[in-house]
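A.B. asks: Test case, fold it:
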Amino acid sequence: MLLSMVPSKVVNESVIFFLTCGISGMARAGRGKAEFVRDEKDSASQLKTVVLAQLKRALQPSLTSVRMEWRQSSSENELVPVQLAPR
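C.D. replies: Numbering: from 1, shown residues only. Below is the predicted model of the structure:
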C-alpha cells in the first residue's frame, strides 16, 4: 500500500541502490571487488573492460609467501588407511 504512493522510478532506484550495496558488501567481505555496468550506448565496451579486469584479478594468487612445516612422527610405522571410508 505504501509503495503504491511512491513513484515507480523512486522504488526502482531504491531497489537498485540496496542491491548494489548488498553485492558490494559481499564482495568486500570476501576480499573481492564488485563492479557494475550501466545500460548505456557504450555498455558493450564497458562490459568487456570490467570482465577483463575481474578475470585479471581472479587469476592472481590469493595466497603468497606461504610456509608449511611438516612434522613427521618419530614412529616408522604410522597408521594410514588403505582405503577411505565411504561417505
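A.B. asks: what element comes up after the strand or helix carrying Ser14 heading to the C-terminus?
C.D. replies: If you go by DSSP states H and E, Ser14 is part of helix 8-29. Per DSSP H and E, the first helix or strand lying C-terminal to helix 8-29 is helix 43-58.
A.B. asks: Name the residues of that following helix that are buried.
C.D. replies: Using 16 or more other Cβ atoms under 10 Å as the test for burial, helix 43-58 gives Gln46. Where you see a C-beta, it was placed from the backbone N, CA and C, and this is true even at glycine.
A.B. asks: Show me what it is in contact with.
C.D. replies: Contact partners of helix 43-58, identified using Cβ atoms under 8 Å, 6 or more residues apart in numbering, comprise Gly32, Lys33, Glu35, Phe36, Val37, Arg38, Glu40.
A.B. asks: farthest pair in those?
C.D. replies: Gly32 and Glu40 (24.4 Å; Cβ to Cβ).
A.B. asks: And the two? Which one has more around it.
C.D. replies: Taking neighbours as other Cβ atoms under 10 Å, Gly32 and Glu40 compare with Gly32 leading, 14 against 8.
A.B. asks: Now do the contacts for the more buried one.
C.D. replies: Listed by Cβ under 8 Å, 6+ apart, the contact set of Gly32 reads Arg57.
A.B. asks: give me the number of residues near Ile23?
C.D. replies: 13.
A.B. asks: thinking it is in contact with Ala34, fair?
C.D. replies: Yes. Assessed by Cβ atoms under 8 Å, Ile23 is found in contact with Ala34 at 4.9 Å.
A.B. asks: how much space between Gly22 and Glu40?
C.D. replies: The gap separating Gly22 from Glu40 is 23 Å, by Cβ to Cβ, to the nearest Å.
A.B. asks: cool, and Glu13?
C.D. replies: Distance of Glu13 to Glu40, computed by Cβ to Cβ: 16 Å.
A.B. asks: centre of the chain versus stretch 28-35, how much separation?
C.D. replies: Relative to its chain's centre, stretch 28-35 lies at 6 Å (Cα atoms, centre = their mean, to the nearest Å).
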